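S.K.: need coordinates for the below:
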Amino acid sequence: MKPILIYSEKEAKRNRFAAEKICEGTGAELVLPEYDGEAQFVINRTNDYKIAERFEKRGIRVFNPSSFSRLANDKQACYDFMEKNGVKIMPTRYRGVPFVKKPRDSHGGEGVVMCFNESDYDENAVCQKPASDLGKDLRVWVIGGEIIASMLRVSETDFRSNFCLGGEALPYELSEEETKEVKKIISLVKGDYYGIDFVFDGGKIVFNELEDAVGARMLYEKTEIDILKLYTEYINRQLKRK
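M.R.: Numbering: from 1, shown residues only. Here you go, the predicted structure:
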């Protein structure tokens, strides 16, 4: 019985480097989301909590757990959860203008737009007050509850600073105050390998989202950190494998 790595066909092609690194480090077999066979353990890279849930019901360990994937991939639910637990967010269900509108399940900035008309308000989407420092955000990578790295992303041409949309990425050293805020969020969620994204408002970080199947292109391009190696080593430690 082998471990399995689950990617959609499209994402497996787009993330071939990551898929190969994970399979090499864990001995996992790459399968599509439809797979429902046996598995020693599962590495779920689909952003679909239902897939994780399906294996967990059979007592199979899944990285990341379904509870984390469910929270991370519903932006409004995640904002509500963080706000309830004392984490600062930019206000949602915001009816002022301008406002940022994004699908509840968007990734990589897809479908995220700045709206300037009240008529664009959509109760089925996240409608959020913009942060003051547009075109700038911070990503922090976490493995097993430990902060591994952080990168500042900036864009001169778009309020979205995503690296995949052309934003520039720079290594970033968290301040003591910022580290405390990150650790607070880590204490609230149970995930294995994920990202925490922040926007900047008045020069201070404000929680923006959890990234479940977090990417690492900017780390490999801008640093010497082999984060996928660290992740596979973590998985093997968790399962007491050599």
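S.K.: nearest the geometric middle of the chain, what residue?
M.R.: The centroid of the chain falls nearest to E211 when counting by C-alpha atoms, centre = their mean (0.7 Å).
S.K.: and that residue, how far is that from D197?
M.R.: 6 Å (C-beta to C-beta, to the nearest Å). For glycine as for every other residue, the C-beta is placed from the backbone atoms N, C-alpha and C.
S.K.: got any ranges where this protein has weak pLDDT?
M.R.: Filtered on pLDDT under 70, the chain yields the residue ranges 157-166, 241-242.
S.K.: just the strands from it, written as ranges.
M.R.: For the chain, the strands defined by DSSP state E occupy 4-6, 29-31, 42-44, 62-63, 99-102, 113-115, 126-128, 133-143, 146-154, 168-171, 193-201, 204-211.
S.K.: returning to what we had before: which neighbours do E211 and D197 share?
M.R.: Residues touching both E211 and D197 comprise R139, with contact defined as C-beta atoms under 8 Å, 6 or more residues apart in numbering.
S.K.: neighbours of the nearest residue to L210 once chain neighbours are set aside, just the number please.
M.R.: For L210, ignoring the flanking residues on the chain, the nearest one in space by C-beta to C-beta, 6 or more residues apart in numbering is A72 at 3.8 Å. Neighbourhood size, A72 [other C-beta atoms under 10 Å]: 26.
S.K.: pretty sure A72 contacts E211?
M.R.: Yes - between A72 and E211 a contact is recorded at 6.9 Å, counting by C-beta atoms under 8 Å.
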